[in-house]
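In: Pasted the sequence and its predicted model underneath.
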Amino acid sequence: MKEIFLILSAAAAGFLASMGLGGGAVLIIFLRSFFGFKQFKAQGINLLFFVPIALFTTILNTIKKRIDFTAALYISSGGILGAAAGVFLSSFIGAKWISKFFGAGIILYGAAEIIKEIKTILARRRKL
């Protein structure tokens, strides 16, 4: 039964990731909350999970001409530098604080999305 729930969790994460909606955050939350994985192990599983997902969606989005490869090169360069710094710093920060930063990031992202939606609703009402 655990394996089925892992597959369903991964399918949900892959679905969200293919639309650019943060599937990694969903997968990490599932791995930590429902399966009891420690933060670093959940992050490692998440990273490995996204290698084939990223390849598959890159191929599909290339076919649909949705990728600006020049911008992707710059963004990837910065991402690689950031990833190296993150791996280096995470060994000093520790899993406990990484988990807290991750949770705070999810809360801040959710709050920002709610605020953005409220502003959109208020702007529509002003137009009426």
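Out: Cool, the structure landed.

In: Do you have the helices of the chain handy? List them.
Out: Listed in chain order, the helices of the chain (DSSP state H) span 2-18, 23-33, 39-63, 69-93, 95-127.

In: Can I get these in a markdown table including mean neighbour count and mean pLDDT?
Out: Backbone N, C-alpha and C define where each C-beta goes, glycine included. Shown next, in a markdown table, are these (neighbours: other Cβ atoms under 10 Å; pLDDT from 0 to 100):
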| stretch | mean neighbour count | mean pLDDT |
| --- | --- | --- |
| helix 2-18 | 14 | 85 |
| helix 23-33 | 19 | 86 |
| helix 39-63 | 14 | 90 |
| helix 69-93 | 10 | 91 |
| helix 95-127 | 11 | 90 |
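
In: residues in contact with Tyr109?
Out: Taking Cβ atoms under 8 Å, 6 or more residues apart in numbering, we find Tyr109 in contact with 22, 25.

In: Actually, Val87.
Out: Counting by Cβ under 8 Å, 6+ apart, Val87 makes contact with nothing.

In: Just give the nearest non-adjacent residue to Lys41, would you?
Out: Leaving out its chain neighbours, the residue that sits closest to Lys41 by Cβ to Cβ, 6 or more residues apart in numbering is Leu31, at 7.8 Å.
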